[in-house]
Structures are given as C-alpha cells and as structure tokens.
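**Q** Show me how the following folds:
(2 chains)
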There are 2 protein chains.
Amino acid sequence: MPILANNPKRKTWIPTPVKTDFPIQNIPFGVFLTRDDIITIGTRIGDTAIDLGAMHQLGYFDGIPLTDDIFLQDTLNDFISDGQKTWRLVRNRISEVFDIENETLKNNEDHKSIILFSLDEIEMQLPVQIGDYTDFYSSKEHAANVGTMFRDPENALMPNWLHIPVGYHGRSSTIIPSGIPVHRPMGQTFPKGSQTPIFGPSKLIDFELEMAFITTDANKFGEPIPIEKAEEHIFGMVLFNDWSARDIQKWEYVPLGPFLAKSFASSISPWIVTLDALEPFRCKGPKQDPKPFPYLSLEGEHSFDIKLEVDIVTPEGVPTTVSNSNFKYLYWSMAQQLAHHTVNGCIVNSGDMMGSGTISGPTPDSYGSMLELAWQGTKPVTLNDGSERKFIQDNDTVVMRGFCDKNGQRLGFGEVSTKLLPVFEPKSIKNK
Amino acid sequence: MPILANNPKRKTWIPTPVKTDFPIQNIPFGVFLTRDDIITIGTRIGDTAIDLGAMHQLGYFDGIPLTDDIFLQDTLNDFISDGQKTWRLVRNRISEVFDIENETLKNNEDHKSIILFSLDEIEMQLPVQIGDYTDFYSSKEHAANVGTMFRDPENALMPNWLHIPVGYHGRSSTIIPSGIPVHRPMGQTFPKGSQTPIFGPSKLIDFELEMAFITTDANKFGEPIPIEKAEEHIFGMVLFNDWSARDIQKWEYVPLGPFLAKSFASSISPWIVTLDALEPFRCKGPKQDPKPFPYLSLEGEHSFDIKLEVDIVTPEGVPTTVSNSNFKYLYWSMAQQLAHHTVNGCIVNSGDMMGSGTISGPTPDSYGSMLELAWQGTKPVTLNDGSERKFIQDNDTVVMRGFCDKNGQRLGFGEVSTKLLPVFEPKSIKNK
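**A** Numbering: from 1, shown residues only, chains lettered A, B, ... in the order given. Model (predicted):
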C-alpha cells in the first residue's frame, strides 16, 4: 500500500512553523489529556494537537475498518495491534483531511473546536502500556569507549559484540514521558579508596542518548521473526533517555547486568513517529565485518539518518548543547535487533519497547553520555554559563532532540526533557 | 486482621484426599477456563476447583467491599490491587463457606452445580498479567557452585554477593503456566574447540528450580518500600522453572547479563498460594554475615519452610526425583529483595513477579539445576530407567513440586510440569 501521507509536496491548512518537527508528512501518534480532562489518542501537525477519538466519532475515518473506541483509549496498544495496513490507512486519511485543498474540516468551525487543541491545552501521557522493555547496546563507538575506560583499550570490544546485537531486559514500570522529573536514586556503591560498600545517594548520574522502537504483536510463542519481516512489526520510534547511575552500576552489574542503576527511570519523547514517516530518511548502516549470521543478514538500507542533540540546561535555565550524534551511527539495525530477540522463540507483543543503547558517534563531540563526553570525569564539559559538568547535577534538565533533514524536508521527534531532582527524602526508610 | 482461614482445626465438606496440597487452610488463587469456556478467577480445595466469579454473583461475598466483576476477569491483577485486607476477608469467607459445619452451600445443589468443578473440567491459565518480571540470584550455594565451576573456587562468590540481593530484569512475555510445552531454542553459541561462534539449536537445556512471588501496587515513582512494609505488598508465591540454555548464556551474557538464554520460556505453577496461607511455615533464613545495610535489615522469621522436589520424566514416562531442596536455604529473603528492588525508587505494580533464583541446598542432591547436579556434565545423573542425563533431552518433562509439612499439617503448590519439545522447525528462517 502506498504511503500517500509521505507526499513531500503536500501542504496543510493548519498554520505550521517553518522549521517544525511536525509537518503534515509526519503524523505521529500519541496519547494526551484534553482541556476537558478526557484521555484520547491524537496526532500533531505543527503546534496543533489533533484529537483522533473525536475525528473518528465525527466520521472522518469512515471506510477504514476500526473499532468505535480504538482512539478513545489511554494507550495505543490496540491500535498498534491492528497492524501496518491500518496504520497506513489512518495516516493517509489524516493527511488528506488536513491537505490545504481539502475544505471539509477546514470550513467546519464546530468540528474544529472539538478536534483541534493548542499544545498548552493538553498534557502528553505515556503513549503505550509497555509490556516488556529491552535495551540493546548497538553503538560500536559507545561499546568501545566503555571497554577502553573500564577494561582494555587493546580489546575494547567484548568477543561477542561483533556477532550478537547484545541486549538485556530492562524495567518497564519506570519508563516515563517527557516532562516528569526524576529523583536522584539511593543505592549501594563501592567508591575507590573505600574498604567496604556504602549506601547513599548516587553521585554519578548520567544520561544515555538513545532511541527506542515500539513493536506490534509479531509472533507466536516459540516462533522466530525472520529478519525480512522484522520492520513490518515496528510501529515507530521515540527519543529515549536511559538514565544511569554509574556508581551503582559499577558495583552491582557483575555477573547479571545493570539493575537498579537503570531501573529508577527512563524518559521518552511522547510522540511516536512511525517507521512509515521515516521512509524518506532511510540510509545504510555501517559496514558489518565479520558478516553476520544469515538470520541477521539483510541487504539494503535499514538505518535512518536522524540527527540527535543533547542539551544540559542549568538550574538557572542556561542551555548548552553537549552532544551532536546521529541514529545512523548504530552498528546493528532495528531489524537485526528484532530478529535476534525472537530467534529463540521469545514472544514480542504490541507496545513492547526496544532501546538502541547509547548512540555515540566517531568524534568526542558526538558521544552519547557524560561518562564518555567527560571521559570518566577526566575532561569536564564546560557549559555556556562557565560551570563544568562531569555528570548531571541536581536540578539540571537534560533535553534530547531528534530530527531528519534531507533535501529541504524536515521531520522530527520533538524532545524528551527531564529534570533531575535531589534525592527523595526517605522519611520512612532507615539510611544510617 | 486475624487470618481465620488458617485455623488448622477447620475441616471441610469438600471431599479432600489425605495428602493434598490444597486443604481448606490453603485457599490459593488462580484463573481458569470452565467447562463452558468462560474464564473466571477461582480457588481450589482438594481436587475441586471453585468458581469465585459464580460465588460472588450468588452473594457468597456479600458484605465484603468488592466490585461486581472482580472475579470475572482473566487475571488476578485487580483483585491483588485491592490489597491485603481484602485478600484476608475473601480467604476467611471462603473458609467459612466450605467449613464442614456450614450447610448453606453444602445443601444447595443448584449453587454447587454452578460453583464447583472437577479438575478435568477446567484449564488453568496464567494467573496474572505480569508487568515486570525480575529474577534474583539469592541462593548462596547456587552462586558459589556456579562461581566454582566458571571462575575461581577460592573466590566463588562475587564481591557484591554478600551485600546485595543480586537480581536482573527478565522477560515477562514468555512466562507460561504449567502444562504448556517449550521448544528447544535456536541461538548463537561458541563451543569449546570452535574457532568462531556457531548458530543452531542449544545443546545444553537446563531447568532452574525457583519460586517466585507476586506483588501488589506498592509504591509511587521515586519512593522506596521500607523493609518493614515489604511483606504486606507480597500477595503470594508460585513454583518457578526458569528454563535456561547454558551454551547460549555463556556466549551472550558478558557484560549485560543473560538474555536469550532465559527469555525463551519460564514456567509457573498456576495456583498462587498466599503469603497468609504460608504463615504457619515461617522460619528464619540463614545467618547473614556481614550484617546487611539498615535498609535490608529485618529481625524475625522471614523465610518459609517449603520442601521442593524436581522430577525428570523420560519420554517413555518414567519419573526420577533428581533434586530435593527447600526454599528456606535462600540467603536473601523476599522482604530484602523487595526493599532492595525499590530503594532506588523503582515502581512495583500489581502482578509483578520476582523469582528467587535457583534454590540449591548444601548437599549435592539438593542442587537446583542440572548444571550443578551433573556438575557441568562431569557427573551425569542416572535416571530410574538406567538412562543418564547431563542436561534435559527433547521430550523429557520436568516436574517441580513444593509443599509445607509441619506438625501434621500439609499445604502446597501442586506442580509445574513442562515438556521440552524439539527445536521449532524454522521454515521461514534461514539457518545455514
């Protein structure tokens, strides 16, 4: 089915800023609370939020096989479950309705007053109920940087890294949308020079610049997803800040992997940009050597050219861009990750989320974490107000942005913005 | 509130085998499909399944604050969310209704025909929708055995092990109830003597004898659960077989922990035995040295004396008990696990499941996995038909049982039984 919604020439009657991440070619999906405190599924064009539940009730999706309440839900899981054909029909229809030549809704003030919201009237929610969340570790530069710092620069990559899209299971319950602040976590650490582990606030809070993809129901128990089919089961992507407590991680992670160092929070951008919308920005990923096993082999362009930026905003509100990276640097593709994840028969459900791992590029200004940017604290990052950062400080805000920009066409993810609060005052917990 | 349902002297009018795991003092909770293909929440006394949805509709829970449909659901999550007070009221009421002296239901043939089922009329389902699943690693004997085999017998335990209830996030989507067979998974391994990794069926399939507990909603984002309150948020326990592919695990698990080696399947017993029902079987856990941090310290009896057995049943149907262990051997208690899990502010939801880790005892016949029982294949286990096992073979069935037995009172979990099928024929996947 043609993705008519991607027509680069289409213009919309919705007033749209020039450099918006949300032109009519984007049509992402999200969940929001309206001015009437009703929860609905919506999309966004420019700075206008669009209530798809209301559009459906008013007949704008007539002819598309959808249940009556498909958009009147507090998560996108059921819509995602409807599958790729339905996503395409819905995006194509939205694109038509908001086409500058289409006067149906444009000239219906009553309908517009029900369907359209300004962004300050709505509150974005988590777009999916995440059943399982997996985090991969697919940036060769990041894995090599970490290996160089913590192990052996000569053997920075683990022996399995070039053969396996290494990943691990993460915690779904603490994935939060942009705007929700996060407390600095308490935990056990074993600082250098100490004779015993200590318990207290983490001192090394870091961000990880990642993206994540959201899947649909894809397979039955025991049945792998062939790599050729993998992308059909990917609904879309979000920006993903995988908050990390490096000191907790160091003490806890051998031999079973990161646990409390990660599970205190991960933040996502609230609009899911569909893989369909990203089609024009496909590109090849890095050359893979050695050649992957056949179950991981796929010819063609399976990465995406998505520019990524990270800002640290000081407590006083001064922003500094500390990293410029790109999704295309990732060594392992999403298709490879999904084929690998299911090769043992593991079930993937609608709303599952899979993080890319920290996306570091080849140059020091493209690293995706403070651990790498400040190189374990040895090269503090100077911010625009003259202050320095080795890691994230209380009341700093970390903002990640992502967008595609090609042949004059721009389309993006907006941002994920999260403030780090001081440690939660554990009134009821013994901490001495 | 007194747990009247635990009265050891109470007898029931339901015919009950002498050595049943399900006396009237148990009253576990599960979800089943009835002979009419209706899904309902139920309990079990002896070999009789009891439809709690029907009981509620017929008024047997009048006076207890419950929503009308609380038992007419396909998971226990909402009921578990109602909290400990409600669980107790419901168990106490069920206990009264089935008391040998209570003639209300006993003499009502119409109601009995609606409420009671024989076990062969029902099909047990997964009792909860598992949001997040965590697996701990809390048996000192198991951790030491693995450390001895794979690392250094002199330093078998990792430095963090005696300070932290080590755990990691697992995959919820492939937790299955007893009776569902599991395919031998495909995956990457790096066999001894090979120059490169290979792709194919795992050759080292193992069980792990574990138990798991199920939580209720317990805390807000960012707020730890104090250890004194932890047990209030534990609804109950099940037997847990954490299927493991040892060869896949060995190649993939450094540095981020086990992934596909575990996520192909974990099996649970379908009846959740409440922590309340287990009260009479409380006991102290092992002495802890060094003394845990205050957030992990709790005086009193916080383990449970639960006898555990593992059988391997050959394809021809010959059973052999290969392990006799006990839940009380675990070094870290469930309260410690839950307090640790949330000390960083991680949210725990209703229906989350937390595995104990393999429960190995001090003697070789009490080890909880084939890896340990056959000591890495060096001491094959001889079965009752004379055949030997280093790991689990295709068409073997692994059966785990657990029960308490004290002062003549017995109460248990039934079993979790899972057959290992040959590898799934990957017609659509390239495997050369």
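
**Q** quick one, helices of chain A?
**A** A:52-57, A:77-81, A:84-97, A:109-115, A:140-150, A:227-230, A:246-252, A:260-263, A:334-342, A:370-373 (DSSP state H).

**Q** which ones are touching the residue nearest to A:Asp311 when sequence neighbours are not counted?
**A** Spatially, and ignoring its direct neighbours in sequence, A:Asp311 is nearest to A:Val399 (4.3 Å; C-beta to C-beta, 6 or more residues apart in numbering or on different chains). (C-beta placed from N, C-alpha, C; glycine too.) Listed by C-beta atoms under 8 Å, 6 or more residues apart in numbering or on different chains, the contact set of A:Val399 reads A:Val310, A:Asp311, A:Ile312, A:Val313, A:Pro319, A:Glu415, A:Val416, A:Ser417.

**Q** So what pairs up with A:His183 in the strands?
**A** A:Leu421 (DSSP bridges).

**Q** Any idea how many residues pack against it?
**A** A:His183 has 21 neighbours, counted by other C-beta atoms under 10 Å in any protein chain shown.

**Q** Looking at the helices of chain A, spot the one closest to chain B.
**A** When the helices of chain A are compared by C-beta to the nearest C-beta, helix A:260-263 sits nearest chain B, at 4.4 Å.

**Q** which strands and helices sit next to the closest one?
**A** Helix A:260-263 sits against strand A:244-245, helix A:246-252, helix B:334-342, with contacts defined as 3 or more C-beta pairs under 8 Å, 6 or more residues apart in numbering or on different chains; DSSP states H and E.

**Q** Please work out the average pLDDT along it.
**A** For helix A:260-263, mean pLDDT is 98.

**Q** residues making contact with that helix?
**A** A:135, A:170-171, A:173-174, A:185, A:187, A:202, A:242-246, A:248-249, A:252-253, B:169, B:340-341, B:343-344, B:346.

**Q** what's the span of stretch A:191-198 from first residue to last?
**A** 8 Å (C-alpha to C-alpha, to the nearest Å).

**Q** tally of neighbours for whichever residue of the stretch 1-150 of chain A sits closest to chain B?
**A** Using C-beta to the nearest C-beta, the closest approach of the stretch 1-150 of chain A to chain B is made by A:Asp132 at 5.2 Å. By the measure other C-beta under 10 Å, the count of residues near A:Asp132 is 28.

**Q** In this structure it contacts A:Ile175, no?
**A** No. Here A:Asp132 does not reach A:Ile175: they are 11.0 Å apart, not a contact under C-beta atoms under 8 Å.

**Q** joint contacts of those two?
**A** Joint contacts of A:Asp132 and A:Ile175 (C-beta under 8 Å, 6+ apart) are A:Met353.

**Q** confidence score at the most far-flung residue of chain A relative to its centre?
**A** Of all residues in chain A, A:Gln195 has its C-alpha farthest from the mean position, at 39.6 Å, by C-alpha atoms, centre = their mean. Predicted confidence (pLDDT) for A:Gln195: 95.

**Q** Quick check: it vs chain B, distance?
**A** 12 Å (C-beta to the nearest C-beta, to the nearest Å).

**Q** what's the residue of the stretch 1-150 of chain A closest to chain B in contact with, if anything?
**A** With C-beta under 8 Å, 6+ apart, A:Asp132 has these contacts: A:His169, A:Ser172, A:Val348, A:Asn349, A:Asp352, A:Met353, B:Arg171, B:Ser172, B:Ser173.

**Q** which non-adjacent residue is nearest the fourth one?
**A** In this case it means A:Asn349. A:Gly131 (4.7 Å).

**Q** Pairing partners for A:Val381 in the sheet, please.
**A** Applying DSSP bridges, one finds that A:Val381 bridges with A:Arg389.

**Q** returning to that earlier point: hang on, isn't the residue nearest to A:Asn349 packed against B:Ser173?
**A** Yes. Between A:Gly131 and B:Ser173 there is a contact at 6.1 Å, judged by C-beta under 8 Å.

**Q** show me where pLDDT drops low in chain A?
**A** A:426-432 (pLDDT under 70).

**Q** Give me the domain ranges for it.
**A** Structural domains assigned to chain A are A:4-124, A:133-424, following automatic domain parsing.

**Q** Next, see if the first one gets close to chain B.
**A** Looking back up the chat, that one is domain A:4-124. No. Using C-beta under 8 Å from any C-beta of the partner chain, domain A:4-124 stays clear of chain B, with a minimum separation of 12.2 Å.

**Q** So for that domain, first residue to last residue, what's the gap.
**A** End-to-end distance of domain A:4-124 (C-alpha to C-alpha): 27 Å.

**Q** ok, how many other residues are close to A:Lys19?
**A** 10.

**Q** Excluding chain neighbours, give the residue nearest to it in space.
**A** Nearest non-adjacent residue to A:Lys19, counting by C-beta to C-beta, 6+ apart: A:Arg410, 6.4 Å away.

**Q** And the residue nearest to A:Lys140 when sequence neighbours are not counted, how far from A:Leu373?
**A** Closest residue to A:Lys140 apart from its sequence neighbours, by C-beta to C-beta, 6+ apart: A:Tyr331 at 4.3 Å. To A:Leu373, A:Tyr331 is 20 Å away according to C-beta to C-beta, to the nearest Å.
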